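K.L.:
Mind looking at a prediction? Sequence and model below.
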Amino acid sequence: MKNNLVLSPIQKLFKNNCNNIILGKWYHKKIFKKNYQTSISKYNDYSISRKRNCLKYLEKKYNKKIIDLTNFMNSLHGVNEDRRFWEIIIGPFINRSLIIAWDRWDSLKNCIKNENISSVELGIYNFSKLIPKNHYELDHNYSNKYFNHYLYSEAFKILKNKNNIKFKYFKNTSAGIKRLNLKETFYIKKIFNKILEKFRKNQKYLFYNTYIPIKANLILNYKLNNFPSFPHEFDKRLEYEKKINFKIRKTNPFKKRNDDEFDKFYNHIILKIMPSSYIENFQLIKNYVYKINLEPKIIFTAVAHLSNDIFKIWSAEKMKNGSKLVISDHGGNLEQERNFFSNRIYHRHIQWVKSNNNKVVQLPPNIFLGRKKKNISKLNKILIILTCTDLFRANIFDRNENDYDDFEILKKFIFNLNKEINKNIYFRVHPSSPFKDIIEKEISKNFGVEKIDRSIFNDIFTKYNLIIDTNIQTTYYQCLNSRVPVLLFYNQELIKVTPLTKKIFLNMKKNKFIFSNTKNLKKHIEGIYDDPSGWWNSKKNLKIRADFSKNCSLNTKNDLEVWKKFFLKI
């Protein structure tokens, strides 16, 4: 049987009487009503060695591209800003676009070379409909099927058809990405800020999108003798220029800088997918930020430095005048370096996990500040928390499996549990999962709709006496910070962690906190089911949990005081 390569979840790309080889993590067996013969390309998966090699290669590329694009942006906008200025603004975009472009390029190249592909259908797109207006919009379109099909199609052109694969194009010039706007600030915040405008202007600290709960935010500001405010200026919905500058975007000013074939591809597509906030609408945003009447000495955020272009451009301008930009984690992560820019361009980087980098400071997780732990349920009920991943790889650290694959594995695991435990299993599907609807439908079919937990997340800690999480992300930290015993089903290897973090992680695996297979998970659950808290609070396990907390999720007698002392020392 011939192999047809399918690059995106577009039904037109599938063929009858062929084995359809799938690139990307988007596939599940019920994606279309019509059944096709399918198999998954082995080049969707990243081994630990492939991940590490990719990180080394892409970090070198990043450092070259940021220099190229700094020169390009200065020339385009008639300014002479330094690398740090532009890196604050476009660094997150270059970082993410390199990873996305590399994954599409490398997986396609290897698939064509090794999987005996006989046919593929490519697309002709109007790339102007795929250009995001800002990074926020790009963030929500990494998994867009047309955006990714366009990238694969452009990569195929550069790779050349050395294997004589039969290919054809179909026009899809009306297809585009999903258009989004930043969420506007509540009107009451605008009134609050207007009334207190004189106090806000010269406050030493400006906190924006900090992931600190409101009450703790107010207390922290009070401790710092800082008047609290909730900046609305960065949430402005600007009327962007819709006309695309094709003259600039169709040129390739970097073609003389091609070091290899991937460079040729990346340099070919970079200006075609760059947000208009960096090209057509940069001056519009710059003019707007000049009107923002805030002069802080310390700027702090947990997320706006990544995707809010108004905030980034404003921050870059303020830093030219001596302001310091402090950023923090907004979720759990054991890895030391999550991108190629954070530990260099910001004044300080607050992380939940200890680091050997002198610009990184470990503080208690911001999301836990001021929150009280709830009493554990006395009912023998178990909750499985399902995680969320993109349909197409957008991060080297991403899991190889998709959300539906994980659910299928856990479904078999639950069917093998004894009946008493089986009937007390419940599920929480990630609200952002692209497979949410199909997974909830499967849960309803196999276990009953009442087995789906849709309550407020913090309420789960009073409803269940055992939780099984499926990723080392924020939810796992939240569970560890509660009184409820939590097990982690996680079959990925860590890439770049400190020796101490690795030692703690391996010790948690050894002592049955973390499991990489369902056989051992089943045996452990059946052993502790009658008294999970007794196991969880044993002397040995309290020590293991304390070691994790000290290294990866700091918990002190007065967390707010620790944060206060940090800001006072800056």
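P.N.:
The structure has been received and is ready for your questions.
K.L.:
domain parsing for the chain?
P.N.:
Per the record, the chain has its domains at 42-180+240-278, 187-235+290-365+558-569, 382-552, by automatic domain parsing.
K.L.:
Please tabulate the ones you listed in CSV, including the columns distance to residue 17.
P.N.:
For glycine as for every other residue, the C-beta is placed from the backbone atoms N, C-alpha and C. Formatted as CSV, the domains of the chain follow (distance: least, C-beta to C-beta, whole Å):
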stretch, distance to residue 17
domain 42-180+240-278, 11
domain 187-235+290-365+558-569, 44
domain 382-552, 26
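K.L.:
How far away from the center of its chain is the longest helix seen in the chain?
P.N.:
In terms of residue count, the longest helix belonging to the chain (DSSP state H) is helix 83-114. Averaged C-alpha coordinates place helix 83-114 at 15 Å from its chain's average position (C-alpha atoms, centre = their mean, to the nearest Å).
K.L.:
Give the buried residues for it.
P.N.:
Neighbour counts over helix 83-114 (16 or more other C-beta atoms under 10 Å) mark 83-109, 111-112 as buried.
K.L.:
Same check on stretch 397-411?
P.N.:
For stretch 397-411, a neighbour-count test (16+ other C-beta under 10 Å) marks 397-399, 401-408, 410-411 as buried.
K.L.:
Extract the CA atoms of that stretch and return them as PDB.
P.N.:
The C-alpha coordinates for stretch 397-411 follow below in PDB (Å, rounded to 0.1, in the frame of the first residue of the first chain):
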ATOM      1  CA  PHE A 397       9.800  20.500  26.300                       C
ATOM      2  CA  ASP A 398       6.300  19.400  25.100                       C
ATOM      3  CA  ARG A 399       5.200  15.800  25.700                       C
ATOM      4  CA  ASN A 400       5.200  13.500  22.700                       C
ATOM      5  CA  GLU A 401       1.600  12.300  23.300                       C
ATOM      6  CA  ASN A 402      -1.500  14.300  22.800                       C
ATOM      7  CA  ASP A 403      -4.400  14.600  25.300                       C
ATOM      8  CA  TYR A 404      -6.500  11.900  23.700                       C
ATOM      9  CA  ASP A 405      -3.600   9.400  23.700                       C
ATOM     10  CA  ASP A 406      -3.200  10.000  27.500                       C
ATOM     11  CA  PHE A 407      -6.900   9.500  28.100                       C
ATOM     12  CA  GLU A 408      -6.800   6.200  26.200                       C
ATOM     13  CA  ILE A 409      -4.000   4.900  28.300                       C
ATOM     14  CA  LEU A 410      -5.700   5.900  31.500                       C
ATOM     15  CA  LYS A 411      -9.000   4.400  30.400                       C
END
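K.L.:
all strands for the stretch 251-400 of the chain, in order.
P.N.:
For the stretch 251-400 of the chain, the strands defined by DSSP state E, counting those that start in this stretch cover 298-301, 324-328, 348-351, 360-362, 382-385.
K.L.:
Next, format these as CSV and append mean neighbour count and distance to residue 457.
P.N.:
CSV is the format used below for the strands of the stretch 251-400 of the chain (neighbours: other C-beta atoms under 10 Å; distance: least, C-beta to C-beta, whole Å):
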stretch, mean neighbour count, distance to residue 457
strand 298-301, 24, 22
strand 324-328, 21, 20
strand 348-351, 22, 22
strand 360-362, 18, 24
strand 382-385, 24, 9
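K.L.:
Low-confidence stretches in the protein?
P.N.:
182-188, 196 (pLDDT under 70).
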